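K.L.:
give me a 3D structure for the following:
(chains A and B)
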Amino acid sequence: MEEKNINEQESLQIIQQMLVQTRNNVVKGKIFLWVGYSLALLFAVSLACLLIWRNQPMSFNIIWWLLFTYAVVIGFCFRVGKLSFGSHDGVKTYIEKTLHTIWTSVYAMFLILILTMGVDILYGDYDTLYLNMLVVNCCVVMAGIATSIIFKSKHVNVSTFLTGIFFSQLLNFGTFATRTPWRNMCSVLVVGLLIIIVVFIIQGHKLNRVAKREMEEQNKA
Amino acid sequence: MTELDPLLHSQLRLAIMSILVNVDEADFVYLKQKTEATAGNLSIQLDKLSAANYIAVNKSQEGSRPRTICHITEEGRSAMSQYVEALRSYLTGL
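P.N.:
Numbering: from 1, shown residues only, chains lettered A, B, ... in the order given. As a prediction, this is how the structure comes out:
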């Protein structure tokens, strides 16, 4: 390809040709919706178990271990998914950018939560439950970092951290707001559901809308 | 009828912008491969687009290799959108 002036028909051909070449990189919200709705279901089931049995430690263990397993499985699926999206080494797609933001938010959130629990263990009432949380959260943070490394994401922006801090504070508030253990867990799960809706479900629908609009524009052109 | 942006109305620059409008960022090697342009020519066109503030070019070092990453700016996105609109009106007028 050279630097030369072209006519309108040629312009259109070039745009179409480049669009076709990068079509695989066009944002897709489908994966977000899969993750979002399945995670929301996981949280809703845990919430229902908690409301029925009112057994906080059991529900707590169910949700955290399921989440950890889920993080590993989803991390792997994203890796495979990335290959099927046809991404190239030298290009960063919108989906990769958003996934990176989500994962950074997730592990920023857990990092702050771990710090909060660490302070509580050192200066508050010692509780083995918090110790368990510490271990499980460490695993989740490591899963998040590992996924980030897979996606070669090196940049951490301010908005990502602010999002993480905001949600972690919401989560902390939910944990310590009430005195009854099973109610604490309920509020954590509700906040978790809120996070999933904001981060995955709304984001997924938004991405789908953008992709649909782009495809319509492409078809019109 | 809206006039076609002369900066975009060139084969290689239009190809670069069409790629960048679809991705968050792309590096020099990727653009070179997709446009099948020579390194020298591509570099000149990237400088022109960057000077017009249509794209942002970040040069970094990855190990011992230099890496040039480009991404479209809001100004570039808007120019591209106007260009496509103008193109559409030209073609429908034919």
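
K.L.:
please count neighbours and contacts with C-alpha atoms only from this point.
P.N.:
Will do.

K.L.:
buried stuff in the host helix or strand of A:Phe32?
P.N.:
A:Phe32 belongs to helix A:30-53 when assigned by DSSP states H and E. Judged by neighbour count using 16 or more other CA atoms under 10 Å in any protein chain shown, the buried positions of helix A:30-53 are A:31-33, A:35-37, A:39-40, A:42-44, A:46-47, A:49-51.

K.L.:
could you do stretch B:14-31 as well?
P.N.:
By neighbour count on 16+ other CA under 10 Å, the buried set for stretch B:14-31 is B:14-28, B:30-31.

K.L.:
list the ones among the residues you listed that fall in helices.
P.N.:
When DSSP state H defines the helices, the subset of the buried residues of stretch B:14-31 inside them is B:Leu14, B:Ala15, B:Ile16, B:Met17, B:Ser18, B:Ile19, B:Leu20, B:Phe28, B:Tyr30, B:Leu31.

K.L.:
need the pLDDT of whatever residue of chain B ends up closest to chain A.
P.N.:
Of all residues in chain B, the one sitting closest to chain A is B:Ala26 (4.2 Å; CA to the nearest CA). In this prediction, B:Ala26 carries a pLDDT score of 89.

K.L.:
again, but for B:Tyr54
P.N.:
In this model, B:Tyr54 is scored at 94, pLDDT.

K.L.:
my read: it touches B:Cys70, true?
P.N.:
No: with contacts counted by CA atoms under 8 Å, B:Tyr54 stays clear of B:Cys70, the gap being 10.3 Å.

K.L.:
what's the first helix or strand after the least confident helix or strand in chain A by mean pLDDT?
P.N.:
Using mean pLDDT, DSSP states H and E, the weakest-scoring helix or strand in chain A turns out to be helix A:158-176, at a mean of 53. Past helix A:158-176, heading to the C-terminal end, the next element that is a helix or strand (DSSP H and E) is helix A:181-196.

K.L.:
only alpha carbons, please: show that following helix as CSV.
P.N.:
What follows is helix A:181-196 as a C-alpha-only set of coordinates in CSV (Å, rounded to 0.1, in the frame of the first residue of the first chain):
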residue,chain,number,x,y,z
PRO,A,181,-23.1,-13.3,61.1
TRP,A,182,-25.6,-14.7,58.6
ARG,A,183,-27.0,-11.2,58.0
ASN,A,184,-23.4,-10.0,57.4
MET,A,185,-22.9,-12.6,54.8
CYS,A,186,-26.3,-11.7,53.2
SER,A,187,-25.2,-8.1,52.8
VAL,A,188,-21.8,-9.2,51.3
LEU,A,189,-23.7,-11.3,48.8
VAL,A,190,-26.0,-8.5,47.9
VAL,A,191,-23.1,-6.2,47.4
GLY,A,192,-21.4,-8.9,45.3
LEU,A,193,-24.5,-9.2,43.1
LEU,A,194,-24.4,-5.4,42.6
ILE,A,195,-20.8,-5.6,41.6
ILE,A,196,-21.5,-8.4,39.1
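
K.L.:
on that earlier part again, the buried residues of helix A:30-53: which two are farthest apart?
P.N.:
The widest separation within the buried residues of helix A:30-53, taken as CA to CA, falls between A:Ile31 and A:Leu51 and amounts to 30.0 Å.
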